[in-house]
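Q: need a 3D model of the sequence below.
(chains A and B)
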2 protein chains.
Amino acid sequence: MPYAVSTMEKRLDEQTIELASFIAGRALATVTEPRDGSDPVVKLASPDELEAEFDKLTSIALGPEGSVDNAVLQEAVDLVIDRSVHTQHPRFFNQNFAGADPIAVVGDWLGSSLNTTLATYEMSPVFTLMENAVVGRLAELLGYREANSGKGMSNGLREPGGIMCPGGSTANMMALQLARHRKRPDSIRTGTGGERLTVFTSASGHYSTAKAAAVLGLGTDAVIKVADNADGSIDVAALAQAVQSSAERGEVPFAVVATAGTTVAGAFDNIRAMASVAADNDLWLHVDACFGGAALFSQRTRNLLDGVELTDSFVWNPHKVMGLTQQCTMLAVAEPERLDACFSSKADYLFQPDKLNTELDSGDRTFLCARRVDALKLWLTWKARGETGFAARVDHAMDMADHVRTRIAESAGSMVQMVPGSYVNVVFLWLPEELRQGSPWDPAQLSEDQLNALHSVAPRIKARMQAEGTAMVGYQPTDGLNTFRLLFMNPVVTAADVDETLRLIDDYGRQEWSALMAER
Amino acid sequence: MPYAVSTMEKRLDEQTIELASFIAGRALATVTEPRDGSDPVVKLASPDELEAEFDKLTSIALGPEGSVDNAVLQEAVDLVIDRSVHTQHPRFFNQNFAGADPIAVVGDWLGSSLNTTLATYEMSPVFTLMENAVVGRLAELLGYREANSGKGMSNGLREPGGIMCPGGSTANMMALQLARHRKRPDSIRTGTGGERLTVFTSASGHYSTAKAAAVLGLGTDAVIKVADNADGSIDVAALAQAVQSSAERGEVPFAVVATAGTTVAGAFDNIRAMASVAADNDLWLHVDACFGGAALFSQRTRNLLDGVELTDSFVWNPHKVMGLTQQCTMLAVAEPERLDACFSSKADYLFQPDKLNTELDSGDRTFLCARRVDALKLWLTWKARGETGFAARVDHAMDMADHVRTRIAESAGSMVQMVPGSYVNVVFLWLPEELRQGSPWDPAQLSEDQLNALHSVAPRIKARMQAEGTAMVGYQPTDGLNTFRLLFMNPVVTAADVDETLRLIDDYGRQEWSALMAER
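A: Model (predicted):
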């Protein structure tokens, strides 16, 4: 059988081992020797520049060619690393994830290496129990399930508290499907029909609710956006009114999505008050805590989730604040048996009833089929850090956010906090000297021209940061004005890193403001 | 700032580096020194046994405890590896994935280490272009887009040919949503309403179509299952008839899903003939080639996808036959601008129009938000193997499948092939001596008792394989009889491995049949 031998050689020959070892070494170095403050966060390159740089080695584009030499691919790997954004860097504040935990990174690797799927116990005996352990522990922390640590966990490991998903948007969509199923069980078979089902969330709630409504066939019009309070949390009286108005229009309110940690301000909706509205109106209450779920672990933040035991479902992305790598999402469900009722199809080629241990198969509790074993890295990190370590990570992030708030208060008007913050987000405006005012700062005192200039200075500051690789900070419009958002979660960030970032913003700000004025 | 320093030490202290290096080393060993035929495929353990083994180190269950010591976690990691299924093993044939390519594994690691997301060019400059490269090349191979290799690929890299997704079920659902959007553009905003939209697929098509229909609010009744031919491919005349009948009932046929590589038999629907039905009835033609997409690369199998250039969308999972690790899914769309029209929400906190290079942002072309950078491992593997290497992998799998078919033909009736096979699947029955017949084998000649015994022997053979760790082969009912399915894709599998597996089945079969007869 000569082909068998030659293929064996082809896959595990010295060349393959050499290249695999090289890439593994580079990957490990990014973990154990991460970039520090003296390295660039990013070396900005336009698509043209990137294409040209790869063309010197091997084009990014693919074609019918044969294999590329190891030496070339090794240089390409170094170019990939060199030209990527370094989310471990102590001045990377651009996203709601940063500073991956090294244990999570290599836990992810081990899952990739073993290359199996979470669908059946047969294929993932260990990972099935680990998934039940992590989601079950979340269910305990939420009060969905009584904590049974210390009195034998067997039941906890045999019964799911929910399921892991590839991302928060998928989990949010699954929660809405569970909600529709509870309200209209037949809809799984017959569809929604002509009924106008409606779902409620705040104006600051994540866009995935609207995207899910489109996919679910409800339509984006079915999402009723409720006004926020000044801090970005939902106005619960307005919610109650919106639900009543919808019912009066002949629609069928079926779900409400509470946000725990809004994307921009980090605001937490009042879950306990929303639970009362939900109970009064027979609505499924889902908590989108993709960003804010980490608050469960610290005494300083736990109260932000007050009332969560009264909800029906809860999604948390440990890949955000907790530093698990992309992707790591848990959907906890207060009545997890609803997952089977809602999503099961009992495919006989996969979930054979006469197989061993099929009662533990997880694959039919979702609309997905094979899932990555994201449970492994989460379990390893949870064990390695402990819940005390998780709390410490949150507390450090809160300390850093408080530090910025202090610096803003001390800034003599050069920075203005735009929303009060109770979590790891700080949303603020940088102001040139001529636009500074006493407190509170009032945009109504600015001319249209001044407001336009101020709106355009944040993107220019950001472009300078990217061009020089000194820091990465996001911005977005707040009340029509581009506003910076610093997000804390990376444990290596120090107060000195924060101060340096604020200095950079001020420095670039002055220069860009002068340039803007000169351009007029 | 003492907390900053202490946290820094906590995350990158010697303990963390020690544990991370240990796990990384074990992960690398599974790649460069994979199990060979003398190792067990799996060491079967019941949930009770697994719990007890972990309890000796640290319970699988999680609680409020602090961190677990490195020494304990290192033992736990070894236990994870020891008790997991080894999908690289040369006698693992249980799933439609096996034998991950080492380059894909470590490419996955590098993506985890850099820990960024595919949503904006800003966060993934290199990976955005790589995603466009891999999906664009797929679009070229399908004939969706003219090949522009050799005449400058810039356009190809700037325009997506589709998008990568976390798994085939998600991609299939997105394709159906694109189909609904083309038929009823307003449904994105207003929902499906009372109209009965219908979608068609074969009886052997994947269950994800039904699951997607439930999630999409169409309901599982909206999926009209069309009869198969004897080889498991769709009966196209029956399809045309089913579409006509649906329209006559006042329903609105809007999509048809062709299957390229059915789950059990590996059958390929006649895409060219289906395209004609789709064109006549204004249906979106989606190809579920999750399993069969690899056929594009070999001259021996390319014709199985004849007519694919006439379709609207196509999903391929390179994590199946091609050995990319979980998860790796590409959705190619003939008119990719439809992705924006169908899924975009223009969230202003993420897709700021005044940012650099936003025209390349991919995140608004899906209902998902952050996506793993699965494009990196696929790009690296495509470059390292070349399309000639991809073809060789498929050809080796076809050789192995042909080898089994030959062995079955030579088996003097001890094995019966249950469906004709044109791909890497071989579906066959093992028969005890007393039930063997001349060719063709006819189950109608068996008594009810004999059929029941035959149905129960396959699970018993499989349980023996698992208990002894000698091999893993799937089974499922075919015409009501449990039937084995061998799937080929792992390049390290040799004819000797296949012969040994058939010998094991025969050996266990004889023993289990005797035991079954004795139990009566």
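
Q: nearest spatial neighbour of whichever residue of the stretch 101-250 of chain A sits closest to chain B, chain-adjacent residues omitted?
A: Per CB to the nearest CB, A:Gly217 is where the stretch 101-250 of chain A lies closest to chain B, at 2.7 Å. Backbone N, C-alpha and C define where each C-beta goes, glycine included. Closest residue in space to A:Gly217, ignoring its immediate chain neighbours: B:Gly217 at 2.7 Å, by CB to CB, 6 or more residues apart in numbering or on different chains.

Q: what residues are up against the residue of the stretch 101-250 of chain A closest to chain B?
A: A:Gly191, A:Thr192, B:Arg180, B:Ser187, B:Gly191, B:Thr192, B:Leu216, B:Gly217, B:Leu218 (CB atoms under 8 Å, 6 or more residues apart in numbering or on different chains).

Q: repeat for A:Leu218
A: A:Leu218 touches A:Arg180, A:Thr192, A:Leu197, A:Val199, B:Gly191, B:Gly217, counting by CB under 8 Å, 6+ apart.

Q: how about the strands in the stretch 251-400 of chain A?
A: A:252-259, A:284-288, A:313-316, A:329-333 (DSSP state E, counting those that start in this stretch).

Q: what helices and strands are in contact with the first one?
A: Under the contact criterion of 3 or more CB pairs under 8 Å, 6 or more residues apart in numbering or on different chains; DSSP states H and E, strand A:252-259 touches helix A:168-183, strand A:197-202, helix A:236-248, helix A:271-280, strand A:284-288.

Q: if we can go back for a sec, for the residue of the stretch 101-250 of chain A closest to chain B, helix, strand, or coil?
A: Secondary structure, DSSP: H, G, I helix; E, B strand; the rest coil: A:Gly217 is coil.

Q: how much space is there between A:Met472 and chain B?
A: Using CB to the nearest CB, to the nearest Å, A:Met472 is found at 8 Å from chain B.

Q: low-confidence ranges, the stretch 201-350 of chain A, go.
A: Across the stretch 201-350 of chain A, nothing is flagged by pLDDT under 70.

Q: for chain B, what are the nearby residues on it?
A: Counting by CB under 8 Å from any CB of the partner chain, the residues of the stretch 201-350 of chain A close to chain B are A:206-208, A:210-222, A:263-264, A:319, A:325-327, A:342-343, A:345, A:347-350.

Q: please name the residues that touch A:Phe343.
A: A:Met174, A:Gln177, A:Asp364, A:Arg365, A:Thr366, A:Phe367, B:Lys211, B:Ala214 are the contacts of A:Phe343 under CB under 8 Å, 6+ apart.

Q: minimum pLDDT in these, which residue is that?
A: Within the set of the contacts of A:Phe343, pLDDT is lowest for A:Asp364 (91).

Q: from what I can see it touches A:Ser345, true?
A: Yes - between A:Asp364 and A:Ser345 there is a contact under CB atoms under 8 Å: 6.5 Å.

Q: these two - which one has more neighbours?
A: When A:Asp364 and A:Ser345 are compared for neighbours, A:Asp364 comes out ahead with 21 against 18, by other CB atoms under 10 Å in any protein chain shown.

Q: measure A:Ser245 to A:Glu251 for me?
A: Distance from A:Ser245 to A:Glu251, counting by CB to CB, to the nearest Å: 9 Å.
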